[in-house]
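[1] Please work out how this folds:
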Amino acid sequence: MAQACAGLDRPVIACFGLTYKPDVDDIRESPALRVVELLASQGQGPIVVVDPFVSALPASLADRGVALLTTGLALERADVIVLLVHHRCFIALEKSLLRDKRVVDTRGVW
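    The predicted structure is shown next:
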C-alpha cells in the first residue's frame, strides 16, 4: 500500500468490498475487514469503504473515522482504489472510471 500512496499527501483510500466472500452480506471473519482495519490503523490518509451488501460499518472501523460511501462518491473522492472483494457489481465497473486513480487489485479482475 505504501507504494500506491507514494508521493501523495494524505491520500483518500477507497476499499471496495468488506464481506468475507463475493455477493454476500456477512463480514464475520472477513479478511477484507482485517485489511481495512490495518489500513485505518496506519494513518496514511482517510479511508472509505464501498460495499453494496453492507448497510453499516462495524465499530472497529466507524470508531476510526472510516466512512461507508456509494461507488460514485468513493470514485469521486479517492486517490487510491483497493479492490478487496470481487462483487459482481465491482467486476462490471466501467474501467474508464479508474483511469485517474492508483489501483490495487487484490483479486485480479480489473
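[2] For the residue nearest to residue 85 when sequence neighbours are not counted, the count of nearby residues, please.
    Leaving aside its sequence neighbours, residue 85 sits nearest to residue 17 (C-beta to C-beta, 6 or more residues apart in numbering; 2.5 Å). Backbone N, C-alpha and C define where each C-beta goes, glycine included. Residue 17 has 28 neighbours, counted by other C-beta atoms under 10 Å.
[3] just the one 10 residues further on next, same as before
    Counted with other C-beta under 10 Å, the burial measure for residue 27 works out to 20 neighbours.
[4] before we move on, what about residue 51?
    The number of residues near residue 51, taken as other C-beta under 10 Å, comes to 26.
[5] ditto for residue 109
    Look at residue 109: counted by other C-beta under 10 Å, it has 13 neighbours.
[6] Now do the contacts for it.
    For residue 109, the contact set (C-beta atoms under 8 Å, 6 or more residues apart in numbering) comprises 83, 86, 90, 91.
[7] switch to 10 Å and redo it
    22, 83, 86, 87, 90, 91, 92, 93 (C-beta atoms under 10 Å, 6 or more residues apart in numbering).
[8] Checking it next. Helix, strand or coil?
    The local conformation at residue 109, judged by DSSP: H, G, I helix; E, B strand; the rest coil, is coil.
[9] Centre-most residue in this protein?
    With distances taken as C-alpha atoms, centre = their mean, residue 15 lies nearest the centre of the chain, 0.5 Å away.
[10] Please report how far that residue lies from residue 35.
    For residue 15, the distance to residue 35 (C-beta to C-beta, to the nearest Å) stands at 7 Å.
[11] Identify the contacts common to these two.
    What both residue 15 and residue 35 touch, as defined by C-beta under 10 Å, 6+ apart, is the set 82, 84, 106.
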